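A.B. asks: Here you go, sequence then predicted model.
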Amino acid sequence: MKDEKWIKEQLLDKFLRYVKIDTKSDAHNTSVIPSTICQWDLLNMLKKELEDLGIDKITLNEHGYLIAVLESNLKDGEKAPVIGLMAHVDTSPDMSGTNVKPQIVENYKLNDIVLGNGYTLKTEEYPDLLKHEGDTIITSDGSTLLGADDKAGVAEIMTALTWFKNNHNVAHGEVEIIFTPDEETGKGLDFFNKDWLNSRCCYTIDGSELGSIETECFNASGFEVKFKGRVIHPGSARGKLINAVSMAGTFLNLLPANESPEATDGRYGYYSPMEIEGNLDEAKLGGILRDFDSNELSRRIEALDAYGKAVEAKYPGGIVEVKTRKQYSNMFEYINKDMKVIEILEKAVTEAGVAPSREIIRGGTDGSRLSEMGIPTPNIFTGGHNYHSRFEWASVNTMVKASETIINLIQLWAKEIS
Ligand SMILES: [Zn+2]
């Protein structure tokens, strides 16, 4: 594309500003969306930038959903399908996002990159770097994450929008832009109403490696297990104490080690304990269950109940309560009903000069939930890597290709005039 240099400048300008705004979400604040006040800083900034671009229809509601509409410029009487583009403004609760200091490496030479603060991004540990010789690479300074997840996606969408505003002779249909809070807590769409959108399909810009298109994700459930013991002074505890901490430990031992995230990849699902707290009286264990196959997920839910009963049998008088809650479903179930959504996306990637590859996500996106609501929403690469980590990095060259893909996508859908 002839505008690659312009796109790169736009992306750098936007991305470097967005990552400096702390938007870390809080998985423990379950009462409100957004879960953290700081996310409003970026939402308000984006709202202002959309206004400055001359977008007329913009809404930012009390839950932090920012929706903007690029109105169709097709001739009177022509109507193309409405499509949506979605990215999230929050960053992972698992790593600091305060005072992010992005570092830029121009013309990357396949070397290890010293981040600072005692950390080095090593090609041996992160061999994906070796695919990016000559690229402009952005990292953090090692003290925080970078926030390419998902500010790369936000910047790519904003750049594409700016491109259409600068090229108003290029035909496009109506495009709905959706920026959401709290994707990382899995609660981002809890208050979202799909009736706010007219989109036939939507695309999340929240993936990773150049060319990857994600159409399948896990079926996901969260679990919480409560262990209730009986407390007696340890000095006179013999035969009487029921130790909730020990109960939790026994339960943890029953989770199959070969079905853990650290022992599996590809299509294999898992149990993952994520956090634990408690004392003799009561302990709580939280975690997640994942599988591409919904039957396998159900099997694991049943197994947790069985493990709970096994712990109760070993600690007579102790009580184990297992609760699971559904988080999201494998989006392929919904996407495969409208394969045009993928065909046009693959064409858009190809026209950007990139070979598309369909991947599975060992995770989920807001797109998984939107698909379930009836709007098929696959996920597009952003150029970010090592998400949720101080070793997070992004290739600006890949980000350029992501923006080009979005620009192509909008134009291709505009040709589907009814
Ligand atoms: Zn993300």
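C.D. replies: Ah, there it is. Numbering: from 1, shown residues only.

A.B. asks: which stretches of the stretch 301-418 of the chain form strands?
C.D. replies: With DSSP state E, counting those that start in this stretch as the criterion, the stretch 301-418 of the chain has strands at 319-328, 357-361, 379-380, 384-385, 393-395.

A.B. asks: mind checking how far the residue nearest the centre of the chain is from the ion?
C.D. replies: The centre of the chain sits closest to Thr365, judged by Cα atoms, centre = their mean, with a distance of 4.6 Å. Noted for Thr365: a distance of 6 Å to the ion, by Cβ to the ion, to the nearest Å. The C-beta positions use only the backbone N, C-alpha and C, and glycine is treated the same way.

A.B. asks: surely that residue meets Gly186?
C.D. replies: No. In this structure Thr365 lies outside contact range of Gly186 using Cβ atoms under 8 Å: 10.3 Å.

A.B. asks: just for the stretch 151-300 of the chain, where's the confidence low?
C.D. replies: Across the stretch 151-300 of the chain, nothing is flagged by pLDDT under 70.

A.B. asks: Next to the ion, which bits of it? Give me the list.
C.D. replies: Asp206 (Cβ under 5 Å from the ion).

A.B. asks: tell me the contacts of Arg290?
C.D. replies: By Cβ atoms under 8 Å, 6 or more residues apart in numbering, the residues touching Arg290 are Phe218, Asn219, Ala220, Pro261, Gly269, Tyr270, Ser272, Leu297, Arg362.

A.B. asks: wait, which of these is closest to Val320?
C.D. replies: Val320 has its nearest neighbour among the contacts of Arg290 in Ser272, at 18.7 Å by Cβ to Cβ.

A.B. asks: Let me know how buried the residue in the stretch 151-300 of the chain positioned nearest to the ion is, in neighbour terms.
C.D. replies: Per Cβ to the ion, Asp206 is where the stretch 151-300 of the chain lies closest to the ion, at 4.2 Å. Other residues lying near Asp206 total 26 when counted by other Cβ atoms under 10 Å.

A.B. asks: Same question for Asp149.
C.D. replies: 27.

A.B. asks: State the next helix or strand along the chain beyond the strand or helix carrying it.
C.D. replies: Asp149 belongs to helix 148-166 when assigned by DSSP states H and E. Downstream of helix 148-166, the first helix or strand assigned by DSSP H and E is strand 175-180.

A.B. asks: what distance separates the helix or strand following that following strand from the centre of its chain?
C.D. replies: Using DSSP H and E, the next helix or strand after strand 175-180 towards the C-terminus is strand 201-205. Relative to the centre of its chain, strand 201-205 is centred 12 Å away, using Cα atoms, centre = their mean, to the nearest Å.

A.B. asks: Please apply the same query to stretch 135-148.
C.D. replies: 17 Å.

A.B. asks: mind listing what the spatially closest residue to Ile406 that is not a sequence neighbour touches?
C.D. replies: Distances taken as Cβ to Cβ, 6 or more residues apart in numbering put Ala160 closest to Ile406, at 4.0 Å, once the chain neighbours are dropped. Contacts of Ala160 were listed using Cβ under 8 Å, 6+ apart, and they are Leu85, Ser403, Ile406, Ile407, Ile410.

A.B. asks: which of the residues you listed tops the neighbour count?
C.D. replies: When neighbours are counted as other Cβ under 10 Å, the busiest of the contacts of Ala160 turns out to be Ser403, with 31 neighbours.

A.B. asks: Show the contacting residues for the residue of the stretch 151-300 of the chain closest to the ion.
C.D. replies: Contacts of Asp206 by Cβ under 8 Å, 6+ apart are 86-88, 149-150, 153, 183, 365-367, 379-380, 382.
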